[in-house]
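**Q** Here is a sequence together with a model predicted from it:
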Amino acid sequence: MNILVINSGSSSLKYQLYNMTDESVLAKGLVERIGMDSSILNHKPTGKQEVTEVSEILEHNTAIRKVLACLTDKEHGVISSIDEINAVGHRVVHGGEFFKASALVDADAKTKIRQLFDLAPLHNPAAMMGISATEVNMPGVPQVVVFDTAFHQTMPEKAYMYAIPRVLYNKYKVRRYGAHGTSHDFVSKAAAEFLDRPLEDLKIITCHIGNGASVTAVDGGLSIDTSMGMTPLEGLMMGTRSGDLDPAIVPYVMNKEELSVGEVNSMLNKHSGLLAISGVSSDMRDIIDGAEKGEPNSTLAFDMYEYRLRKYIGSYAAAMNGVDVIVFTAGVGENAAVLRAKVLNNLTFLGIELDAEANKVRSGDPRRISTAESKVQVLVVPTNEELVIARDTYRIVQGING
Ligand SMILES: Nc1ncnc2c1ncn2[C@@H]1O[C@H](COP(=O)(O)OP(=O)(O)O)[C@@H](O)[C@H]1O
Ligand SMILES: CC(=O)OP(=O)(O)O
Ligand SMILES: [Mg+2]
């Protein structure tokens, strides 16, 4: 069975085509700048030359059509016809309280995803565009939705409630949902496997730090707290998102600057974080470069990012009354050795002993970066959200077929 995995962003679409017989990736790629003047499609077929196409792609429907054309192309293709794609799995960021697990796409699932647009305005409408575009271009092919929030549905009430009038929860479901759950789930399981210890016995703190970033306390395999909130804006400082701030700042700034709701949302989501503090870039690589050259704004951005991450790790050790394992994953977590070193060298009170040489090793495999004797084991585990989505899709589609 071949499964196409789609991760739709508001102006991007990432895809991977899996052959589930051996979970091999037949092709993967990325469409960027959808709806802008020159869109870019980068298609990487396994074992063949990759291609980059610049054209005008105004919406997700066209993006999917182009992706399908690439997948079936005589030269760059990996399948001979669209009929060889048996199912499609979508990443959906927000499943609210509706979805505690992945689900087949039907009319009911679509209605619920639409009802959650308000809670994830950057992410859920994009996912819905991906689902609709798939329906149009591949009619009849079963689709599955895999939610970032599902893994965090095990959080206890004391972790997910905000200390505001309860009526807001009753009426609008205002509460913490978290995100990146597919990744936190995957890397916590992989960490237990790597250490050859039962997941049920471990207190794990998983740090998924990429463009979006979140930390989760995983106790015995269950998410008991996570840093993202009702939306993916709360918690850590991120590439362009502010993370935690005094909520009183929002009405204060709106009043002073005469900002609308949309404008303040955009400020906090798109013009804050590393980008705002460094004044240069939202990309951690640029921040590290700047800090190494002694550039003061990049240095401050790096220091704030590290300090805030470290505070979350400390607070989750307190939440679980201990920590056995810390895991770093995603673009920054897997690659930024200097950031990991700074975080860990400031957490020695927890009994963490960094292996400085191991921390510098670059690899696509799970690896230990603490010493073997360190009281808290620290690992880098490359995440693979797409593979989890493909596996869930396979399982659910097999269920309906047999
Ligand atoms: N070598 C590196 N050193 C530091 N940061 C890196 C490196 N490579 C990638 N990154 C960071 O990873 C981020 C992207 O992470 P990723 O998990 O791919 O994000 P997303 O899935 O949210 O797009 C980039 O913005 C960049 O800051
Ligand atoms: C939820 C979220 O922040 O996702 P991403 O990291 O892909 O932006
Ligand atoms: Mg990501």
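**A** Good, I have the coordinates. Ligands and ions are numbered 1, 2, ... in the order given.

**Q** from here on, contacts and neighbour counts on C-alpha atoms
**A** Noted.

**Q** Around ligand 2, pick out the residues from the stretch 51-200 of the chain.
**A** With C-alpha under 6 Å from any ligand atom as the criterion, the stretch 51-200 of the chain meets ligand 2 at residues 93, 179-180.

**Q** quick one: the longest helix that the chain contains to chain centroid distance?
**A** Longest helix in the chain, counting residues (DSSP state H): helix 296-319. Mean-position distance between helix 296-319 and its chain equals 19 Å (C-alpha atoms, centre = their mean, to the nearest Å).

**Q** wait, does it contact ligand 1?
**A** No. Shown here: helix 296-319 not in contact with ligand 1 (C-alpha under 6 Å from any ligand atom), separated by at least 11.0 Å.

**Q** and the helix or strand that that helix is followed by, average pLDDT?
**A** Towards the C-terminus, the helix or strand next in line after helix 296-319, according to DSSP states H and E, is strand 325-329. Here strand 325-329 scores 98 as its mean pLDDT.

**Q** Pull up the pairing partners for strand 325-329, direction included.
**A** Take DSSP bridges as the rule and strand 325-329 pairs in its sheet with strand 203-209 (parallel), strand 377-380 (parallel).

**Q** just so I know, which of these lies nearest ligand 2?
**A** Shortest distance between ligand 2 and these, using C-alpha to the nearest ligand atom, is found for strand 203-209: 7.8 Å.

**Q** Would you tell me which of the strands paired with strand 325-329 gets closest to residue 76?
**A** With C-alpha to C-alpha, the closest approach to residue 76 among those belongs to strand 203-209: 32.8 Å.

**Q** For the longest helix of the chain, which outside residues touch it?
**A** Residues outside helix 296-319 that contact it (C-alpha atoms under 8 Å, 6 or more residues apart in numbering): 205, 215-217, 225, 227, 236-238, 273-274, 277-280, 287-288, 290-292, 323, 339, 342-343, 346-347.

**Q** For PyMOL, write the select line for the buried members of the residues you listed.
**A** In PyMOL, this line selects whichever of the contacts of helix 296-319 come out buried by 16 or more other C-alpha atoms under 10 Å:
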select buried, resi 205+215+216+217+225+227+236+237+238+273+274+277+278+287+288+290+291+323+339+343+347
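
**Q** So which of the contacts of helix 296-319 sit within helices?
**A** 273-274, 277-278, 287-288, 290-292, 339, 342-343.

**Q** would a markdown table of those residues with distance to residue 329 be doable?
**A** Below are these laid out as a markdown table (distance: C-alpha to C-alpha, whole Å):
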| residue | distance to residue 329 |
| --- | --- |
| 273 | 19 |
| 274 | 18 |
| 277 | 23 |
| 278 | 23 |
| 287 | 18 |
| 288 | 18 |
| 290 | 23 |
| 291 | 22 |
| 292 | 23 |
| 339 | 12 |
| 342 | 16 |
| 343 | 14 |
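
**Q** check contacts around residue 142.
**A** 86-88, 104-105, 397.

**Q** ditto for residue 207
**A** Here residue 207 is in contact with 184, 213-216, 326-329, 333 (criterion: C-alpha under 8 Å, 6+ apart).

**Q** try residue 23
**A** residue 387.

**Q** ok, now with 6 Å
**A** Residue 23 makes no contacts at all, as judged by C-alpha atoms under 6 Å, 6 or more residues apart in numbering.

**Q** Kindly report the same for residue 40.
**A** 31-32, 53-54.

**Q** One more: residue 220?
**A** 199-202.

**Q** Off-centre distance for stretch 181-199?
**A** What separates the centre of stretch 181-199 from the centre of its chain is 16 Å, taken as C-alpha atoms, centre = their mean.

**Q** Show me what counts as buried in that stretch.
**A** Result for stretch 181-199 [16+ other C-alpha under 10 Å]: buried residues 181-192, 199.

**Q** now the strands for the protein?
**A** In the chain, the segments counted as strands under DSSP state E are 2-8, 13-19, 24-32, 39-45, 51-55, 87-92, 103-104, 143-147, 203-209, 213-219, 222-226, 325-329, 367-368, 377-380.

**Q** Serialize those strands to JSON lines and add fields for distance to ligand 1.
**A** Formatted as JSON lines, these follow (distance: least, C-alpha to the nearest ligand atom, whole Å):
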{"stretch": "strand 2-8", "distance to ligand 1": "9"}
{"stretch": "strand 13-19", "distance to ligand 1": "9"}
{"stretch": "strand 24-32", "distance to ligand 1": "11"}
{"stretch": "strand 39-45", "distance to ligand 1": "15"}
{"stretch": "strand 51-55", "distance to ligand 1": "19"}
{"stretch": "strand 87-92", "distance to ligand 1": "12"}
{"stretch": "strand 103-104", "distance to ligand 1": "22"}
{"stretch": "strand 143-147", "distance to ligand 1": "15"}
{"stretch": "strand 203-209", "distance to ligand 1": "6"}
{"stretch": "strand 213-219", "distance to ligand 1": "8"}
{"stretch": "strand 222-226", "distance to ligand 1": "17"}
{"stretch": "strand 325-329", "distance to ligand 1": "8"}
{"stretch": "strand 367-368", "distance to ligand 1": "16"}
{"stretch": "strand 377-380", "distance to ligand 1": "13"}
